[in-house]
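Student: 3D, please:
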Amino acid sequence: MDDTTARLGLGLAAVGRPAYITTARESDLGAPADRSVEALRERAHVLLDEAWALGIRYVDVARSYGRAEEFLGSWLAAHPGRREQLTVGSKWGYAYVGEWRMDAAVHERKEHSVAMFARQWPETLSALGSAPDFYVIHSVTPESTALADDELLDRLRGLQEEGVRVGLSTSGAHQDEVVHAALAIEDSPFSVVQSTWNLLETSVASALQDAHDAGWTVVVKEALANGELARAESGSRLEALASGMPSDVYALGAVLAQPWADIVLSGATTRAHLRRGASARPVDAPDELAMDPADYWRRRSERPWR
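Tutor: Presented below is the predicted three-dimensional model:
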């Protein structure tokens with residue numbers, strides 16, 4: 001395993017539930033009728049096998065990723081001895097409510113309360129079969145009450161004392177504000193942050209550098225912008241910048257080049273995607289594709305679940 005592969009992680013968001021906002025799902029996963037619980041469990045296990053063979057040792061799941069925690073837990077149970085060699089990160093604060101339906105009106109529900117934490121922590125333990133190494137508040141935004149809830153912060157400090165590294169993930173146009181607010185908390189329980197950074201959304205970079213400098217582990221999600229950077233259109237600026245390199249490899253390489261990026265997640269849904277991602281190496285990408293954060297997150301919010 002080389003140093004670059006050691007920094008890659010496998011995220012199971014796209015294979016833990018039948019519908020998600022990534023592109024090309026029908027070509028990658030088949031028609032909706034082919035996405036039964038059993039089919040996606042098998043798909044997740046195949047990807048975990050491939051990731052293990054490639055030397056990837058970080059796996060990312062969440063309570064809201066359908067049955068992703070359960071899929072990982074069953075894979076770990078089938079491979080005794082591997083758990084000790086993996087770092088597992090999970091997230092709480094969203095519940096999956098899509099009932100395994102493609103046409104669900106609502107797929108996930110957000111709640112950053114003490115009651116939600118108390119309910120979801122035992123669910124995570126049961127699904128995984130052991131405690132995750134990282135447990136992260138899912139998608140904290142400036143509107144979230146989590147960072148000002150003293151009772152919740154005390155509960156998280158208790159989890160930290162049990163040996164679990166506590167963190168938060170960020171979303172939205174003000175990720176930098178959230179990271180800095182978390183860094184400023186007195187006696188903070190946090191030592192992990194998971195944020196979106198990619199060639200289109202670069203606004204959180206300085207805050208992630210600050211977190212890294214403070215000794216936090218920085219995990220980068222959505223490196224391919226939910227598939228938008230996975231395939232360059234002919235004649236596009238992305239194609240020109242990649243200079244013959246597959247655009248997904250180029251986009252991942254741009255993230256790997258960031259000195260503060262400790263772990264970079266691949267949301268691969270096929271073994272071929274995962275292998276290409278594992279071939280990525282740091283590349284010096286110019287900052288010319290970046291969008292206004294508000295525009296980026298508005299476009300992301302408009303993506304259909306499919």
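Student: where does the residue most central in space within the chain sit relative to Gln209, distance-wise?
Tutor: Residue closest to the mean C-alpha point of the chain, counted by Cα atoms, centre = their mean, is Lys221 at 4.3 Å. Remark: distance between Lys221 and Gln209 (Cβ to Cβ, to the nearest Å) = 17 Å. No exception for glycine: its C-beta is placed from N, CA and C like everyone else's.
Student: From the contact counts, what lies against the helix of greatest length in the chain?
Tutor: Taking DSSP state H as the criterion, the chain has its longest helix at helix 37-54. Judged by 3 or more Cβ pairs under 8 Å, 6 or more residues apart in numbering; DSSP states H and E, the packing partners of helix 37-54 are strand 8-11, helix 68-78, helix 271-278.
Student: hey, where'd the helices end up in the stretch 201-306 of the chain?
Tutor: Using DSSP state H, counting those that start in this stretch, the helices of the stretch 201-306 of the chain run over 205-213, 237-242, 247-256, 271-278, 293-301.
Student: Would you mind finding the most buried of those?
Tutor: helix 247-256 (a mean of 23; mean count of other Cβ atoms under 10 Å).
Student: mean confidence for that one?
Tutor: Helix 247-256 shows a mean pLDDT of 98.
Student: Can you mark which positions in the longest helix of the chain are buried?
Tutor: Buried residues in helix 37-54, counting neighbours by 16 or more other Cβ atoms under 10 Å, are found at Leu40, Arg41, Arg43, Ala44, His45, Leu47, Leu48, Glu50, Ala51, Trp52, Leu54.
Student: same thing with stretch 225-245?
Tutor: For stretch 225-245, burial by neighbour count (16+ other Cβ under 10 Å) applies to Ala225, Asn226, Gly227, Glu228, Leu229, Ala230, Ala232, Leu238, Glu239, Leu241, Ala242, Met245.
Student: re earlier: would you turn the helices and strands packed on helix 37-54 into TSV with mean pLDDT and distance to Leu168?
Tutor: Formatted as TSV, the helices and strands packed on helix 37-54 follow (pLDDT from 0 to 100; distance: least, Cβ to Cβ, whole Å):
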stretch	mean pLDDT	distance to Leu168
strand 8-11	98	16
helix 68-78	98	18
helix 271-278	96	25
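Student: just so I know, which of these lies nearest Trp260?
Tutor: Trp260 sits nearest to strand 8-11 of all the helices and strands packed on helix 37-54, at 15.5 Å, using Cβ to Cβ.
Student: Name the next helix or strand following the closest one along the chain.
Tutor: As assigned by DSSP states H and E, the chain's next helix or strand after strand 8-11 is helix 25-29.
Student: Mind giving me the packing neighbours of that next one?
Tutor: Helices and strands touching helix 25-29, by 3+ Cβ pairs under 8 Å, 6+ apart: there are none.
Student: Can you point out the buried residues in it?
Tutor: Applying 16+ other Cβ under 10 Å to helix 25-29 flags Arg25, Asp28, Leu29 as buried.
Student: what's that helix in contact with?
Tutor: For helix 25-29, the surrounding residues in contact (Cβ atoms under 8 Å, 6 or more residues apart in numbering) are Ala14, Val15, Ala19, Pro32, Arg35, Leu40, Arg43, Thr269, Thr270, His273, Arg306.
Student: Let's see that with 10 Å instead.
Tutor: Here helix 25-29 makes contact (Cβ atoms under 10 Å, 6 or more residues apart in numbering) with 14-15, 18-20, 22, 31-32, 34-35, 39-40, 43, 102, 227, 230, 268-270, 272-273, 305-306.
Student: can you redo the helices of the stretch 201-306 of the chain as JSON lines with distance to Arg155?
Tutor: Below are the helices of the stretch 201-306 of the chain laid out as JSON lines (distance: least, Cβ to Cβ, whole Å):
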{"stretch": "helix 205-213", "distance to Arg155": "22"}
{"stretch": "helix 237-242", "distance to Arg155": "43"}
{"stretch": "helix 247-256", "distance to Arg155": "32"}
{"stretch": "helix 271-278", "distance to Arg155": "35"}
{"stretch": "helix 293-301", "distance to Arg155": "29"}
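Student: looking at these, which is closest to Asp149?
Tutor: With Cβ to Cβ, the closest approach to Asp149 among those belongs to helix 205-213: 20.6 Å.
Student: dump the residue contacts of Gln160.
Tutor: Neighbour list for Gln160: Tyr135, Val166, Ser188, Pro189, Phe190, Ser191 [criterion: Cβ under 10 Å, 6+ apart].
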